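J.: fold the following and give me the result.
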Amino acid sequence: MPKPPTRRHVLTLDLKGDPEGIQAYRRLHAPDQIWPEIPQGIRAVGILDLEVHLEGTRLVMILEVPEAFDFPARMADLAGLPRQAEWEAFMARFQAASPGASSAEKWRPMERIFKLGETRP
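T.: Purely as a prediction, here's the structure:
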């Protein structure tokens, strides 16, 4: 059976330049450390896959979602899930963002400027 069509969203966020804080942020995202409600909630709103990459203080998040995924609506649903607001507040101490900013305000979408399959042969 063919895989249903999907889309990717790529977002970025900067961490504060504190090496100890960056290491703590990394540890808190390890499979045995992340609060179980967080990946459960991510899946519950329809996100098929999610990766976070780190380079220095820059985070890049890649989400794979069904093609018909309503990004703003599903992110609002995610924000309303149990413990999600608590997790966001806990993570905010490591992030270079305005205090009280929502996840949607902190994680900024990136613009794709190149795709290999869209080049001339």
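J.: ok, which stretches of this structure are helices?
T.: Ranges of helices within the chain are 19-28, 37-44, 71-79, 84-92, 103-106, based on DSSP state H.
J.: next, the buried residues of the helix or strand of the chain at the bottom of the mean pLDDT ranking.
T.: Comparing helices and strands within the chain by mean pLDDT, DSSP states H and E singles out helix 103-106 as the least confident, with a mean of 86. Going by neighbour count (16 or more other C-beta atoms under 10 Å), the buried part of helix 103-106 is 103, 106. To be clear about C-beta, it is placed using only N, CA and C from the backbone, and glycine gets the same treatment.
J.: same check, this time on stretch 53-62
T.: For stretch 53-62, by 16+ other C-beta under 10 Å, it's 57, 59, 61.
J.: tell me what the last one is bridged to.
T.: Here Met61 sits in beta bridges with Leu11, Val52, going by DSSP bridges.
J.: offset the numbering so it begins at 54, please.
T.: All right, first residue 54 from here; so that's Met114.
J.: roughly how far apart are it and Ile95?
T.: 11 Å (C-beta to C-beta, to the nearest Å).
J.: find the residues that touch each one of these two.
T.: Common contacts of Met114 and Ile95 (C-beta atoms under 8 Å, 6 or more residues apart in numbering): Leu103.
J.: pretty sure Glu141 contacts Glu158?
T.: No. Applying C-beta atoms under 8 Å, one finds Glu141 not in contact with Glu158, separated by 10.5 Å.
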